[in-house]
Structures are given as C-alpha cells and as structure tokens.
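Q: Structure here, sequence nowhere to be found:
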C-alpha cells in the first residue's frame, strides 16, 4: 500500500514529513499510515498540474491518444480488482461484494470516458449558423484547465474516478484530495497512471485533512475549476471561496431522498427496494432513500415484513462471508449516527427495530439497521441526512399528499416511486423535485446517465456526457470573409 503523496509523476513525502493513521473501522486498529499533506504540498501539486497543462503534452494530444491512456488505466484497475476491493474494506468497512462492485464500476468509468475522449476529435467543434453572409462561426470545446477535486469517504475509488476520468478525458490536469478517512485506493491511482503512460503532472494526489490540504486547494489561484462531493456546509464554503476568483464549480452534496410506495406494489418488491435503498453501503450514501412513504392500505403489511427482513441482515466484518452490513466508516460517524437515533427518540419517533450497537460487535463502529416510525415532519431525523443505516417510515393516503411530503425538503438529490400503475409512476416521477428519480427501484447508478441534484443537493451534473462537460469550456470562433469589404468607416 502506498503512503506518500503523488506529485508530478513521483511519490514524495509531505513537506512537513508528518503522517497520519488509517484506521480499520471493524476494530478501530491502525492498519497503515500515509503522508499528511499541507499547503506547501498542494502548491507543489497545483504548480505541477499547471505546468503540465500549459506546456505539457496531455491537453495537446488527440482524443484518441488520451483514450488509449484512460483505457489502460481502466484495464489496470480491473486487473487489480480484488486487491483494491480489499483495501476499501480495510479503510471503509463496506462488505467485500460491494467493494468489488465499486472497483469494477471504477474501471468501467475510465473505459467510458476513454470512449468520450475519442469522440472529442470529431465532436469538439460545431458549426454555428449566423444567418449573415460573409461570416462563418464555430463553437469549440476546450479543456477548462487545472481542476481541483475533493472526494468523500463512502465510495473512495469510485468517487475519484467520477472526477479524474472525465477531467483527463477532456484534456485537463488535476489535483485530487481524497478523504483523510479513506486514502488508500486513491493513492494507488498514481502508480496506475504511471503504468498507463499518463504524462507527469497530469494527475496529482495529496492526502491530508480538509483545513490543511482541502482549503488551500480550493483557494489556490492557479486552479481553474473545483469539483467537490461531500456535505452541504463544506460545499457552501467551497462555493463562497470559488466566488472570489469566479472559478468554475460543480458540487454534489447531501440528500434526504424519499421513496414513495403505492398500495399496488407487491410486498416483497417494496421491502427489497426499501432495504437496498437505505442499508446498502451501511446507508452511507448521499442518495439513500431514507424517508419512506407507504400508502396506508399496505402500510402495516410492509412494516411487518420489513422488520422481519431487517433482522435477518448479517452484520460483521466486510471480509466475512455473507455479511451485508459492515461497520460505519469511523468512530466520529458511529457516534453521529447513534446520536441521531437518540435525537429521533427524543422527538417522538418510535424505534421499530435496531437502534443500537449489535451484540458482540462493540469493538468496532457497528450500528444495527434501524427503522424509525412516527417521526414528526419537523424533526431532525425526518428532515436531515443521517448518513447511516437509519430509515424513517410513515404512511400516506393520497398521491397528492405523497408528492407534497416527498418534495417538502431542502434537498433534491434523488427520489423513488413504486407502483404497478405505469402512468402514475411516471406522473409522480415527473412531479418530484429531484435530479435523480428511480421507478420501481432505488439506488442503481449508471455511468452513462446524469448524476446530481436540485436545491441544496448541489450544482451541475456528473457522469455521462454531462460529467465530461464539467471539464470543458466553449469558445466561439467567428471569421469574416476578408475578400468582401466591410466598409463601415473606410468606403471603397
């Protein structure tokens, strides 16, 4: 496992020589130590990225040439799937099958953006009809420049790929600041990039804490674009910082996503997607459908089955066979989620199942999968993101009520609806004020489709062609036919 920063194509020590611990949340033991980067390291990384963009080969290569490198990066990630997945279990805690899925997706993201890089050779220029003789015009897409990317800890390598792959495909250079909680797989990207033939300075990786490394990255004057995934408060601060230099910005922030279940939904289907919508990845998912609204006629039946199935979920170390719920990512998140459950109790919510630490797992950051009922609509647990295996459930009586309750939120990242009535499901989906909507499912994510939210859930879209466009500027180039006299000031 790597432990040094990756700057200008080499692994180097932090300027201070300091390190910090990487902790396994299953037992809170230190499993590794990595470099604690700071402002000097960020400056070195940004200057390397700046030089690589301004004078290096990467932005000047054809899309096909960049695609060859991106494809090799994807191939190398795929070849290391098992080793990378086990690293993610070690520093994140998620079950191994989920980690394997994440790494497979990561490789697929690099392959997808390799394809889009190739298309830029023919699609980066578009003729503009000006409707005026003598003038021709075209719109040209160009890389935005140096990108600064800050990613969270819930999908460590996958979230890195969502920013690194499209930025590189566009011809940008990038400085990546992974979460200090889960730095292991991000650091591996340096070696993978070198092996794939990525020019030095095109990708730089600085591990460290937010105030010491993240803030200097967002404030650096040589950074042209900022991309952040994380909490709303941090995103708001980054937005304010970006405004000072009018930097290009994309934000993917939190959510409190609803799942509306109508009475014509089979009970088994409803329960399966409720479980997947909140307990997958320990509920540490920004789009988790953590507010479930169930139509009154099936409310009791769904709740009864939901309790039975929730109690069956195997909790334990991510490498243990059959485990579907691992530990939360660290002590701080563990304490936050347990405190949130208590806050719900204090507000009048009823704990239907779970609500505490599983017996025999007190040594790690484990929380039982928890269902809360009767949470007041103005309570913290109903309105705010818990980011853990905790779901709030309540009944509704009419479609209009369900849509109103679903949209009554400061967030608008995702939403889901379940119904056998196709027309109703489509109608409700369009009524949701959310950037991602699922019908008869919850949480599946596809690299080809746009990802991002309304309201406080963020600005811009990642993934698909929309993710590539985050790292492109559009330039107008208009030409006058000089064989024709203009003759405004000089006649004849």
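A: Yes, it's here. Here the structure is a predicted model, which is why all the values come from computation and not from measurement. Numbering: from 1, shown residues only.
Q: tell me what the helix or strand containing residue 430 is packed against?
A: Element membership for residue 430, per DSSP states H and E: helix 422-431. When contacts are defined as 3 or more Cβ pairs under 8 Å, 6 or more residues apart in numbering; DSSP states H and E, helix 422-431 packs onto helix 399-407, strand 414-418, strand 436-439. All C-beta atoms are positioned from the backbone trio N, CA, C, and that covers glycine.
Q: let's go with 10 Å and repeat that
A: Here helix 422-431 touches strand 258-261, helix 399-407, strand 414-418, strand 436-439, going by 3 or more Cβ pairs under 10 Å, 6 or more residues apart in numbering; DSSP states H and E.
Q: Can you lay out the ones you listed as TSV showing distance to residue 56, mean neighbour count and mean pLDDT?
A: Listed next are the helices and strands packed on helix 422-431 as TSV, based on distance: least, Cβ to Cβ, whole Å; neighbours: other Cβ atoms under 10 Å; pLDDT from 0 to 100:
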stretch	distance to residue 56	mean neighbour count	mean pLDDT
strand 258-261	47	28	98
helix 399-407	47	17	98
strand 414-418	38	29	98
strand 436-439	36	20	98
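Q: export those to JSON lines and tack on distance to residue 485?
A: Below are these laid out as JSON lines (distance: least, Cβ to Cβ, whole Å):
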{"stretch": "strand 258-261", "distance to residue 485": "64"}
{"stretch": "helix 399-407", "distance to residue 485": "60"}
{"stretch": "strand 414-418", "distance to residue 485": "59"}
{"stretch": "strand 436-439", "distance to residue 485": "55"}
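Q: So which of these is nearest residue 225?
A: Proximity to residue 225 (Cβ to Cβ) singles out strand 436-439 among the helices and strands packed on helix 422-431, at 22.7 Å.
Q: which helices and strands does the closest one pack with?
A: strand 414-418, helix 422-431.
Q: still on that earlier bit, in the helix holding residue 430, what's buried?
A: 425, 428-429, 431 (16 or more other Cβ atoms under 10 Å).
Q: same thing with stretch 46-63?
A: 46-53, 56, 58-59, 61, 63.
Q: rewinding a little: could the helices and strands packed on strand 436-439 go into CSV alongside distance to residue 145?
A: As requested, the helices and strands packed on strand 436-439 are exported to CSV (distance: least, Cβ to Cβ, whole Å):
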stretch, distance to residue 145
strand 414-418, 31
helix 422-431, 37
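Q: Between these, which one is closest to residue 91.
A: strand 414-418 (26.0 Å).
Q: Can you name every helix or strand that that closest one contacts?
A: Judged by 3+ Cβ pairs under 10 Å, 6+ apart, strand 414-418 is in contact with strand 258-261, helix 267-279, strand 291-295, helix 399-407, helix 422-431, strand 436-439.
Q: now the fourth one, how far from the centre of its chain.
A: In other words, helix 399-407. Between the centre of helix 399-407 and the centre of its chain there are 27 Å (Cα atoms, centre = their mean, to the nearest Å).
Q: relative to helix 422-431, how tilted is it?
A: 40 degrees (axes from the mean of the first three to the mean of the last three Cα atoms, to 10 degrees).
Q: What are the contacting residues of helix 399-407?
A: Identification of contacts with helix 399-407 by Cβ atoms under 10 Å, 6 or more residues apart in numbering yields 257-262, 291, 293-295, 377, 382, 394-396, 398, 412, 415-417, 419, 421, 424, 427-428, 431-434, 454-455.
Q: hmm, try it at 6 Å
A: 258, 260, 293, 396, 415, 431, 433 (Cβ atoms under 6 Å, 6 or more residues apart in numbering).
Q: which residues touch residue 475?
A: Taking Cβ under 6 Å, 6+ apart as the test, what residue 475 contacts is 140, 142.
Q: Look at it and give its secondary structure.
A: strand (DSSP: H, G, I helix; E, B strand; the rest coil).
Q: Show me what it is bridged to.
A: residue 140 (DSSP bridges).
Q: From residue 466, how far out is it?
A: Look at residue 475 and residue 466: by Cβ to Cβ, to the nearest Å, they are 19 Å apart.
Q: So residue 138, which state does it fall into?
A: Under three-state DSSP, residue 138 falls in the strand class.
Q: so how many other residues sit close to it?
A: 14 (other Cβ atoms under 10 Å).
Q: again, but for the one 5 residues further on
A: Using other Cβ under 10 Å, residue 143 is surrounded by 23 other residues.
Q: of all the buried residues of stretch 46-63, which comes closest to residue 145?
A: For those, the nearest to residue 145 is residue 53 (5.7 Å; Cβ to Cβ).
Q: Return the residues in contact with the closest one.
A: Residue 53 makes contact with 59, 145-146, 173 under the criterion Cβ under 6 Å, 6+ apart.
Q: related to what we said a few turns ago, how far away from the center of its chain is the helix holding residue 430?
A: Worked out by Cα atoms, centre = their mean, helix 422-431 lies 26 Å from the chain centre.
Q: if we can go back for a sec, check the buried residues of stretch 46-63 and tell me the two furthest apart.
A: Pairwise over these, using Cβ to Cβ, the maximum falls at 47 and 63, 26.3 Å.
Q: The stretch 1-150 of the chain: strands as residue ranges?
A: Ranges of strands within the stretch 1-150 of the chain are 5-7, 10-12, 19-24, 29-35, 125-128, 135-143, 146-150, based on DSSP state E, counting those that start in this stretch.
Q: List the strands paired with the fifth one, with their directions.
A: Strands that pair with strand 125-128, judged by DSSP bridges, come out as strand 135-143 (antiparallel).
Q: Could you export the strands of the stretch 1-150 of the chain as CSV, including distance to residue 266 and mean pLDDT?
A: Listed next are these as CSV, based on distance: least, Cβ to Cβ, whole Å; pLDDT from 0 to 100:
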stretch, distance to residue 266, mean pLDDT
strand 5-7, 50, 98
strand 10-12, 53, 98
strand 19-24, 40, 98
strand 29-35, 44, 98
strand 125-128, 48, 96
strand 135-143, 47, 97
strand 146-150, 42, 98
